[in-house]
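Enquirer: structure for the following, please:
(one chain, ligands or ions: 1)
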Amino acid sequence: MLDGAWPLLGHMAEMYRQFPALCERGTRAHGPLFWIQGGPGARQLMYTDPAALSILKNPSVSTSFYTEGFSALLGNTLLAFDGDEHRRVRQPMTPPFTPQRVRASDVIAIVTDSVQKRIERWCGLEAFDVVDEVREMALEIIFRVVGVPVTHLDDWRKQYNRHLLAGIPSSGRIRGPIHWYAMRARNWIDGQLGKIVDDLRRTQQTSTLVGAIANGAAEDGKLLDRELVIANLRLLAFAGHETTASSIAWSLLHFASSTRFQQRAMAEVAGVNDIGALATDASRFTFAESMFREALRMYPAIHSVIRRVTAPIEVEAGVIPKGTLLNVPFVHLLRDPVRFPSPGRFDPDRWKERPRPGTIETAMFGGGPHFCLGYHIAIAEGTLFNLLLARVLRQKKLELLRTDGGPVPKPIYLPLMHPPRGITLRLVPSRSLGEAHALADQ
Ligand code: HEM
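Expert: A predicted model of the protein is given here:
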């Protein structure tokens, strides 16, 4: 057990502000396997070796415990299914998420429209709160992707935020009014999603991402059970908004701290007509994509995942006993100085020259059968955001600044990794980007 645990809270305070430092401290003291106390009753085994990623593929690890405290959020979803049950649901949901299908679906148009409107709004504001604004934008995008009409977005936001209260762990014995309130919101959401699914099935619409999911056939040729589709559309909203929002917020904060990054981004969009095509061009790394990938590396929203070990697993450092809650800390693996020299430096150029990312480079999206289903959407969304921002900077001769001129803030790690609240940015007529604007005008 790593030292420094507090009564009741265990290592949570250290996890909250210094999770990577905790991983390093533990590895130095005990090697790659050591115990921490993640809170009351949450003793978990940290595995800080890159081999931890292959454990995610091991059939002797399970995610079904997600439903123990979080059934209202995750019950009946891909995240909480194991083995064959997981395969049976994931297989019909997968085809709409391939790069080609994402490109051909409505996703790029939705992202473009929502991002453009949001940046337009920022242009008219004295300052904007980066965390709040980007979260609102990401939520709007994912709602529209799952088929919510734009006229209903406000109702959805309200109900969804209530539903998230179900994230406060509860069990049969201690369920109280908050849980009831959250469940009422969930029932509202499920009712709306049910109508969307019924409509898409009636019209057999498959041109949108949600249409392709609703009408996707399972191995036996039959449509996926309606309740499963509803639960997993709800999962998409859950899995696809705080994660993208956090990563986009970090790219924005690094843009705001560097004139050079803004210049490079603007130079890239000069003369480009089809920004959507550039964002999804798999043959190259744009600077916009490199910025987003570096934000994901330094600040993986899902900093670690946990698995329940269902049978002893032998690894180089020892035997992991049955019943263990095993923590795979992506945030630590993504700071491996051998793979990422000077890992504490934000350096988008580490994504320029290297081949397309492999298992470690995409660790922020998980590994094994639960690898992020929305990976290609997330990369397209973050890249597109950066390209559209650069275009506005160029066209309106603006620059992005942090209102108080402060440095890029230190992250908060719980529950997901995100920038602290209350940091504001502003878009102002450019003083220092003159050269880049002149270039862009040519
Ligand atoms: C920067 C953005 C994102 C990051 C960093 C991210 C990260 C992850 C990670 C780490 C997992 C694995 C969790 C585990 O193994 O316990 C995951 C799963 C998942 N993600 Fe993402 N995600 C992002 C965006 C999205 C988006 C945009 C969508 C949907 C449109 C999405 C849908 C999903 C789904 C459905 C799963 C569960 C897959 C399964 O259990 O089979 N994610 N994501």
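Enquirer: from now on I want contacts and neighbour counts done on CA atoms only, so please keep to that.
Expert: Fine.
Enquirer: and the contacts of stretch 181-193?
Expert: Here stretch 181-193 makes contact (C-alpha atoms under 8 Å, 6 or more residues apart in numbering) with 72, 156, 159-160, 162-166, 230-231, 233-234.
Enquirer: could the C-alpha coordinates of it be exported in CSV?
Expert: C-alpha atoms of stretch 181-193 as CSV (Å, rounded to 0.1, in the frame of the first residue of the first chain):
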residue,chain,number,x,y,z
TYR,A,181,-34.8,13.0,-9.2
ALA,A,182,-32.1,11.6,-11.5
MET,A,183,-34.2,8.6,-12.4
ARG,A,184,-37.1,10.8,-13.3
ALA,A,185,-34.9,12.7,-15.7
ARG,A,186,-33.5,9.5,-17.1
ASN,A,187,-37.0,8.2,-17.8
TRP,A,188,-37.8,11.5,-19.6
ILE,A,189,-34.6,11.1,-21.8
ASP,A,190,-35.4,7.4,-22.5
GLY,A,191,-38.9,8.4,-23.6
GLN,A,192,-37.5,10.9,-26.0
LEU,A,193,-34.9,8.6,-27.3
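Enquirer: need the max-distance pair from the contacts of stretch 181-193.
Expert: Across these, the longest distance by C-alpha to C-alpha is 19.2 Å; it joins 165 and 230.
Enquirer: in the stretch 51-200 of the chain, what residue comes closest to the ligand?
Expert: residue 79 (3.5 Å; C-alpha to the nearest ligand atom).
Enquirer: what's the single longest helix in the protein?
Expert: Counting by DSSP state H, the longest helix found in the chain is helix 177-203.
Enquirer: so how far is that helix off the chain centroid?
Expert: Mean-position distance between helix 177-203 and its chain equals 23 Å (C-alpha atoms, centre = their mean, to the nearest Å).
Enquirer: same question for stretch 26-41.
Expert: Taking mean C-alpha positions (C-alpha atoms, centre = their mean), stretch 26-41 and its chain are 25 Å apart.
Enquirer: ditto for stretch 196-213
Expert: 25 Å.
Enquirer: residues making contact with that stretch?
Expert: Under C-alpha under 8 Å, 6+ apart, the answer for stretch 196-213 is 92-93, 96-97, 102, 105-107, 145-148, 214-215, 226, 229-230.
Enquirer: again, only this time at 10 Å
Expert: Applying C-alpha atoms under 10 Å, 6 or more residues apart in numbering, the contact partners of stretch 196-213 are 92-97, 101-102, 104-107, 144-149, 190-191, 193-195, 214-216, 223-224, 226-227, 229-230, 232-233.
Enquirer: can you tell me which residues contact the closest residue to residue 229 other than its chain neighbours?
Expert: Residue nearest to residue 229 in three dimensions, not counting chain neighbours: residue 214, with 6.5 Å by C-alpha to C-alpha, 6 or more residues apart in numbering. By C-alpha under 10 Å, 6+ apart, the residues touching residue 214 are 92-93, 146, 196-201, 204-206, 208, 223-226, 228-230, 233.
Enquirer: now the contacts of stretch 196-213: which count as buried?
Expert: 92-93, 95-97, 101-102, 105-107, 144-148, 190, 193-194, 214-216, 223-224, 229-230, 232-233 (16 or more other C-alpha atoms under 10 Å).
Enquirer: sorry, back to before: and the residue of the stretch 51-200 of the chain closest to the ligand, how close does it get to residue 99?
Expert: Distance, residue 79 to residue 99, by C-alpha to C-alpha, to the nearest Å: 22 Å.
Enquirer: re earlier: and the ligand, which of the contacts of stretch 181-193 reach it?
Expert: Cross-checking the contacts of stretch 181-193 against the ligand (C-alpha under 6 Å from any ligand atom) gives no overlapping residues.
Enquirer: quick one: buried ones out of the residues you listed?
Expert: Of these, these count as buried by 16+ other C-alpha under 10 Å: 72, 156, 159-160, 162-166, 230-231, 233-234.
Enquirer: got those as a markdown table, with secondary structure and pLDDT columns?
Expert: Below are the buried ones among the contacts of stretch 181-193 laid out as a markdown table (DSSP: H, G, I helix; E, B strand; the rest coil; pLDDT from 0 to 100):
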| residue | secondary structure | pLDDT |
| --- | --- | --- |
| 72 | helix | 80 |
| 156 | helix | 94 |
| 159 | helix | 94 |
| 160 | helix | 93 |
| 162 | helix | 92 |
| 163 | helix | 91 |
| 164 | helix | 88 |
| 165 | helix | 86 |
| 166 | helix | 79 |
| 230 | helix | 97 |
| 231 | helix | 96 |
| 233 | helix | 97 |
| 234 | helix | 96 |
